[in-house]
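[1] Give me the fold of what follows.
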Amino acid sequence: MQPEKILAIDIGGSHIKAVILNDAGDFVGDYERLPTPSPSNPANVMEVIQQLAQKFAGYDAVAAGFPGYVKDGVIKTAPNLDKQAWHDYDLQHALAEKLGKPAMVVNDADMQGIAIASGKGLELVVTLGTGFGTAFLKDGVLMPHLEIAHHPVTKSKDYDAYIGEAEMKRIGPERWNRRIKKVIEILKTVFNYDRLYISGGCAKQINFTPESNIIITGNKDGIKGGAKLWRVENELMAYRHELLMKPE
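    Numbering: from 1, shown residues only. Got it, this is the predicted structure:
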């Protein structure tokens, strides 16, 4: 059954954000955020999430986006948080236990992707923030997650180090924008996407006009994917039930 109200959480390298969504993905009430704690280990992050959750009431389920590789709700990598502390941490189970509601956890770019993509053709969503996130969708369906952020883009830098927020501040917006143009050319050549969406806190620093199939979108839009996560999950559950009920 599709929950009527979902507490959607976006865990970032600098802030943790939360909002209540209805089943259509619309905001119910105000958007809240708190700084990501330091050290950003599971205990500290869970404490901040609980502080945020206390600002809301009446939600039926939880959906969270996490900046790293997530497998079945379990964190495998957390490059921009406390790396070792997060390895094999079952965040999905921890959220359900802490907040007392069923929870789903996916990569943060994947959650943004299902919220903002059109659902037509091959679409690539990138998030520009503390690091570099990616999501791939084919006709609106999430494809297996790839941590493109940690693929080398120069002899000494991966994408996180090349165009992450810290590097933007170090080299300045002009040089950073030249690098963004270079990265877009690489993505276009490698993936031949139909549309590219650019989101995240640093997307507003882009100072050039992109090609017509490149859409720069607001950071808040991505958190709306929390509702769609639950919709897709319920559709899959209904499909599996239908298969089980079919006669031999």
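[2] domains for this protein, by residue range?
    Domain ranges of the chain: 5-110, 118-221, per automatic domain parsing.
[3] among those, which is the most enclosed?
    Of all the domains of the chain, domain 5-110 carries the top mean neighbour count, a mean of 19, counting by mean count of other Cβ atoms under 10 Å. Glycine gets a C-beta too; all of them are placed from N, C-alpha and C.
[4] And that one, end to end?
    Domain 5-110 has an end-to-end distance of 20 Å (criterion: Cα to Cα, to the nearest Å).
[5] cool, and stretch 113-122?
    End-to-end for stretch 113-122, by Cα to Cα: 12 Å.
[6] now swap in stretch 117-135 and tell me
    Using Cα to Cα, first and last residues of stretch 117-135 are 10 Å apart.
[7] Kindly report the same for stretch 188-207.
    Across stretch 188-207, first to last residue, Cα to Cα, it's 19 Å.
[8] Could you say which helix or strand holds Leu187?
    Using DSSP states H and E, Leu187 maps to helix 173-191.
[9] ugh, wrong one, I meant Tyr197
    Here Tyr197 is assigned to strand 195-199, by DSSP H and E.
[10] Where does pLDDT dip in the protein?
    Where the chain drops to pLDDT under 70, the residues are 1, 233-248.
[11] that older thread, dump the domains of the chain to TSV, plus distance to Ala227.
    Output for the domains of the chain, formatted as TSV (distance: least, Cβ to Cβ, whole Å):
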stretch	distance to Ala227
domain 5-110	4
domain 118-221	12
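[12] and of the ones you listed, who's closest to Arg231?
    Nearest to Arg231 among the domains of the chain is domain 5-110; the distance by Cβ to Cβ comes to 7.2 Å.
[13] how about Val62, secondary structure?
    Three-state call for Val62 (DSSP: H, G, I helix; E, B strand; the rest coil): strand.
[14] for it, which residues make a bridge with it?
    Leu7, Ala103 (DSSP bridges).
[15] so who does it touch?
    Neighbour list for Val62: 6-9, 95-96, 99, 101-104 [criterion: Cβ atoms under 8 Å, 6 or more residues apart in numbering].
[16] what about it, distance to Tyr89?
    16 Å (Cβ to Cβ, to the nearest Å).
[17] For the chain, which segments are assigned as strands?
    Counting by DSSP state E, the chain has strands at residues 5-11, 15-22, 27-35, 61-66, 70-71, 74-75, 89-90, 103-107, 122-128, 132-138, 141-142, 195-199, 214-216.
[18] No more questions from me, cheers.
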